[in-house]
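Chemist: The sequence and its predicted three-dimensional model are supplied below.
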Amino acid sequence: MRKFFFLITAFTLVLSCSSDETSTPVTPPAPIVKYTITLSAGEGGTVSTTGGEYESGQTVSVTATPQGEYVFTSWSDGNTNATRTITIGSNSTLTANFEKRKYPLTINFEGEGEVIEEIVNAGRTTEYDSGTTVKLTAQAAAEWVFVGWSGDIGDIEPTENPIQLNITESKTVTATFEKKKYPLTVNIEGEGEVLEEIVNAGKTTDYDSGTTVKLTAVPAEGWEFVAWTGAIESSELEVQLLVSESKTVSATFSYNSPFVSMAPRYSAINETTSNFYNQFYSESYMTRDTHEALRDFNFQISRSLWMVQERDAVYYDFDKNGSLDLFGFQYWSDREGEWGTRPGRYYLIKDYSWGKREKVFYDTQVSFPSGLELADLDGDNQLEILTYSYNVHQNAPNAYNSSLTELPVEVIKISEYLNFTSSFLSEPITSHDGASGDIDNDGDNDILLFGLVDSYNFGVGYYDNKELLYPHFLINDGSMNFELSKVFINNNLNQMWGDTSYNQFRTTFYDLIDINGDNNLDIIESYRITSKVIDANDPGKGLNIYRGDGSGKFDFNNKIKVYPNNTQGYQITSLGATYLDYDLDGDLDIFLIGTRAEDGNYVQNGGVVDSGANFYENYILFAFKNNGDAFEDVTEKIFDKSRDLTKTNFSHFYDINARDVDGDGDYDLVPAKTSGWFIFDQLNNLYWENQGGFFSIREEGGYNESSFKNN
C-alpha cells in the first residue's frame, strides 16, 4: 500500500512540474503493411517460386520454366516475360501459362484431288500440337487416281491410303494424283507407220484421260493407206482420237502394185476371213495366160503324170514385186488311172502373168487336199497358205493306198525371198472345205473345220475318235499356236444325212462371214441343197446360218434355214459362195454355187438316199436376198440363166467370186476354183454381168479341148 501511494505522489509531482515548463511531443512509428502474392504454373511447366507474404514495396523475382514439348506463353496478367520482377503492392495471384509446341503440317498436291485431315489423337488440344496423330485421306477428283504420298511420311508405305501421321516436328507431305491412263493400241496391217501426236493433253504429256491424239498414217514406199478401223473408222490419213477409255486402232496399208483387185471391200471383221483374201487376190476365173502357165505343169515323168486344177491354187504377190504369183498343188498320177494316192507337191509360178515365168517346187506329205486358202495367222501382213486335208479320199481302206492316213491342216509360209516353211496344226481332221477368220474378236485369225467321213470310200468305223467328226475351231493365241476346240455335238447327227449307219456332221461347203452386220462372224454351211424339205429336222438339205456372238460361240440350235424355190428335181451339192449387196439396201446377200450331184431318184422310205450317181458336172447358181432374220430365194428374179446341167464332159466350179469385170463400178459374178483337168480352156471369160441388180450371163470363147497338152 505504501509503495502504491508513493508512485501516485511522484506522478503528481511530475505533472505539476511539467505544467510549469515548455516540452517537444513524441510521434509513434507507422504500422508495417504486408501483402500475399501467389505464383503458380499451368500444365507443362514450373515457376521458380510460389510466392508468399511480402511487405508492400518489396520485389519478387520469378521465372516460368516450360517442360518437355511445352513452351511458355504468358502470365495470367498478360505479361509475356518468362522471368519477371514483381513489386509488391497488393494481394495478387499469377499463373504461368504453357502450351505444347506447334509444328506446321504442309500438304501439297500434284494433280487433281483433295486430302481430308482428321485428328486421331490430339491430347487436350484441337490443333496439330506435338504428338498429335493426324489421319490423312487422299480423294482423287473425277478421271484422276491417287498415286502416293511423298515427303515426311517416315516408314509409311507411300501408296497406303489413308495414313496416320504423328506430328512431332515440322512436316511436309505431298499427295500425288495422276489422270487415269488408257492404253491406245495402234496396230498396223501392211507396211507403213503411224505418227502419234498429242493435240490436247491437259496437264500431262502422256495419254491420260481426255487427251486428244492425232494419228497420221505414213505408208511405206510402194504401199498405200487404206483405212483406220477399231476405235475410229476413217479413210483419212490424219485423224484425231479422244482417249477417254482403253482404245485400239488399226491402220491398214495395202501394197500399191500394178495389180488392182476388182473385188468388193467388206467390213473389218469380214476382211479377216479367207473368203475375203481368196476373192481379193483372185483372178476370178482363169485367164488364157493362166491356162498356158498351168498346162506346162501337166506333164509325164516315166509313168507318172503330175496334174493340176485351179481348185487347189491361190494367187498372191509373195515377193511383193507388183505381180501376182500362183501357188498350187500337183497331184501324183499314173497312166493306169491311179491318182492322189501318193504325196503330191506344191508349185509356185512366180509372176505367172508375165511372159517369162519362174517355177519353184516344194515337197509335201499331202496327197489329196480339200482346197488351198489364204490367211493371215501371225499378223505380219504376209499371207500364209492353208491346205485342208482330204488325204483319205483316195487312200482309205479298200482303196488304192491304205497306208496314207489323214493329216492336220498344213500352214505354209513363203517369204518375200520365196523361202518356204511348212508346219502342221493340231490333230488330223478330214474336211471337204475349210475357213478362217477372227471368230473370237481377239485380233488374230482362227480356223474352222467340219470333220467328215466319206461314206463311199471309208465305211463305218474308219475313225476311232468320233469327236473329230464334228465342227471344230483351231483357236489362235496370236503366235500361231492353236488349241483344238470342239464347237458342237449332237447325239442325233445321223439325221443330218439320213443314214443311221454312222454319225457325222456332213457338209461340203462352209464360210465364216458376218452376214447380219453385228461385227461378229457367223457360220454359213451347206451340204446338199434342194427345194424339197424331206424332214424338218434334217439340216443337211438347204443352207444353214449359225449366228456368232463374237466370243467364239455359235448358236447351233436357232439356226436360220434357207431353202431354194426350185432345183428342177436335181440334188445339188453346195460348193462355194460369195457375198454381195446386189440390191444396195445395206446388207450382204448370198450367192451360192453348186453342181449336180445325183439323178432324181433321191427319196426312199421318207429318207434321203445317196444313189451313187455323183455326176459333179456343170453348175447351178442361187441368189438369196437378205431380209434380216430370213433369206428369200430371188434366183429366178435376178438371173437370166443361173444353171447349166446339160454338158457331159464339163466339170464344175468350187466357188463364185464378185468382181467388177466390165469396169462399170458394180460387181459382177465370176466362177472361181475350177475343177477337172480339161476345164481350163473350155469356158473363157464366163461371167454374169451386173446390170442394176439383174445378172445377165456372158459366155465368150468356147471349148478348146485340143489345147490341153501332156508334155
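Modeler: Sure, I can see it.

Chemist: Residue 664: helix or strand, and which one exactly?
Modeler: Following DSSP states H and E, there is no helix or strand that holds residue 664.

Chemist: who touches it in this structure?
Modeler: With Cβ atoms under 8 Å, 6 or more residues apart in numbering as the criterion, no residue contacts residue 664. In this view, the C-beta of every residue, glycine as well, is placed from N, C-alpha and C.

Chemist: how about 10 Å then?
Modeler: Contact partners of residue 664, counting by Cβ atoms under 10 Å, 6 or more residues apart in numbering, are 689-691.

Chemist: Also residue 235?
Modeler: Contacts of residue 235 by Cβ under 10 Å, 6+ apart are 217, 225-228, 252.

Chemist: Including pLDDT, could the contacts of residue 664 go into a markdown table?
Modeler: Formatted as a markdown table, the contacts of residue 664 follow (pLDDT from 0 to 100):
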| residue | pLDDT |
| --- | --- |
| 689 | 92 |
| 690 | 95 |
| 691 | 95 |
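
Chemist: most surrounded residue in these?
Modeler: For these, the largest number of neighbours (other Cβ atoms under 10 Å) sits with residue 690, at 23 neighbours.

Chemist: What's opposite that residue in the beta bridge?
Modeler: For residue 690, the beta-bridge partners under DSSP bridges are residue 695.

Chemist: For residue 591, see how far away it is.
Modeler: 11 Å (Cβ to Cβ, to the nearest Å).

Chemist: Over to residue 95?
Modeler: 105 Å.

Chemist: Give me the more crowded residue out of the two.
Modeler: Under the neighbour definition other Cβ under 10 Å, residue 95 and residue 591 were set side by side, and residue 591 has more, 25 against 16.

Chemist: Tell me if that one really is in a strand.
Modeler: Yes: under DSSP: H, G, I helix; E, B strand; the rest coil, residue 591 falls within a strand.

Chemist: Report the beta-bridge partner residues of it.
Modeler: In this entry, residue 591 is beta-bridged to residue 578, residue 623, by DSSP bridges.

Chemist: Next one, pLDDT for it please.
Modeler: With respect to pLDDT, residue 591 scores 97.

Chemist: that older thread, so for residue 690 and residue 591, which residues contact both of them?
Modeler: With contacts taken as Cβ under 10 Å, 6+ apart, residue 690 and residue 591 have 580, 582, 638, 658, 669 as neighbours in common.

Chemist: Can you redo the contacts of residue 664 as CSV, where the extra columns are distance to residue 564?
Modeler: Formatted as CSV, the contacts of residue 664 follow (distance: Cβ to Cβ, whole Å):
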residue, distance to residue 564
689, 22
690, 21
691, 23
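
Chemist: which one of the residues you listed sits closest to residue 449?
Modeler: residue 690 (33.3 Å; Cβ to Cβ).

Chemist: list the buried ones in stretch 656-663?
Modeler: Neighbour counts over stretch 656-663 (16 or more other Cβ atoms under 10 Å) mark 656-661 as buried.

Chemist: meant to ask about stretch 63-71, not that
Modeler: Residues of stretch 63-71 classed as buried by neighbour count (16+ other Cβ under 10 Å): 64, 66, 70-71.

Chemist: Of the contacts of residue 235, just the buried ones, ChimeraX syntax please.
Modeler: With 16+ other Cβ under 10 Å as the burial test, the buried ones among those are selected in ChimeraX as follows:
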select :217,225,226,227,228,252
